[in-house]
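Trainee: Provide a 3D model corresponding to the input given below.
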Amino acid sequence: MEPAWLTLQPFRPEQGLERIQLQARALWRQPQLDLQLRLRDPQGLVWCPPATGLIERRDGLWQSTCFEAFFSAPGAEAYWELNLAPNGHWNAYRLSGYRSGLEPEGLIVGLPYSLQRRCGDLEMRLRLDLHALLPDPTDLDLSITSVLACEGLGCSYWALRHSGSEPDFHRRDSFLRLQAAG
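Mentor: From the prediction side, this is the model:
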């Protein structure tokens, strides 16, 4: 059974964003994490960096339209951040604690995700084996987020749950517990 689609919300609902819909769903079948994001943008407000033909690991993807996921073993201080840009560029980081010890995750040498674009809509799917990072957990703490660069509005910050007074995707109290599927 497929998990339900969950709706991401902008940190600040601004005029112009109300027609944008961003949904995500996740399935955790240890050690496999399956993430899907679905962006509906009927007015074409979201700017997506054009494909370059060269897919690379890059820093700074969050400065424009970028899909992100943060995950950890329940109760652990260390966590990981994944960045996926609509042009195919990506990155994966390991952090030792809240916004500290940021390092590129050397055990991830590529992120196998697919993108489909159709008339202002974008769908992204990532399947990632986490065995090398999390060999034994039964559950996973997860946050699915996005930065959307919108024409005339700048960047807006979307998440399943915003828990602070400023947009901050690293806050552990915004992570959700994802139980292992049978």
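
Trainee: residue 66 and residue 146, how far apart?
Mentor: 7 Å (Cβ to Cβ, to the nearest Å). Yep, even glycine has a C-beta here, placed from its N, CA and C like the rest.

Trainee: same question for the longest strand anywhere in the chain, mean pLDDT?
Mentor: The longest strand of the chain (DSSP state E) is strand 139-150. Strand 139-150 shows a mean pLDDT of 96.

Trainee: I'd like the next helix or strand past that strand.
Mentor: Proceeding N to C from strand 139-150, the next assigned helix or strand is strand 154-159, under DSSP states H and E.

Trainee: against which helices or strands is that following strand packed?
Mentor: strand 9-10, strand 139-150 (3 or more Cβ pairs under 8 Å, 6 or more residues apart in numbering; DSSP states H and E).

Trainee: reformat the ones you listed as a markdown table; add distance to residue 128 and mean neighbour count.
Mentor: Below are the helices and strands packed on strand 154-159 laid out as a markdown table (distance: least, Cβ to Cβ, whole Å; neighbours: other Cβ atoms under 10 Å):
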| stretch | distance to residue 128 | mean neighbour count |
| --- | --- | --- |
| strand 9-10 | 25 | 17 |
| strand 139-150 | 11 | 22 |
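
Trainee: got those strands as a markdown table, with distance to residue 31 columns?
Mentor: Shown next, in a markdown table, are the helices and strands packed on strand 154-159 (distance: least, Cβ to Cβ, whole Å):
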| stretch | distance to residue 31 |
| --- | --- |
| strand 9-10 | 30 |
| strand 139-150 | 10 |
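
Trainee: which one, of those, ends up nearest to residue 60?
Mentor: Minimum separation from residue 60 across the helices and strands packed on strand 154-159 (Cβ to Cβ) falls at strand 139-150, 11.1 Å.

Trainee: so how far is residue 148 from residue 35?
Mentor: In terms of Cβ to Cβ, residue 35 sits 17 Å off from residue 148.
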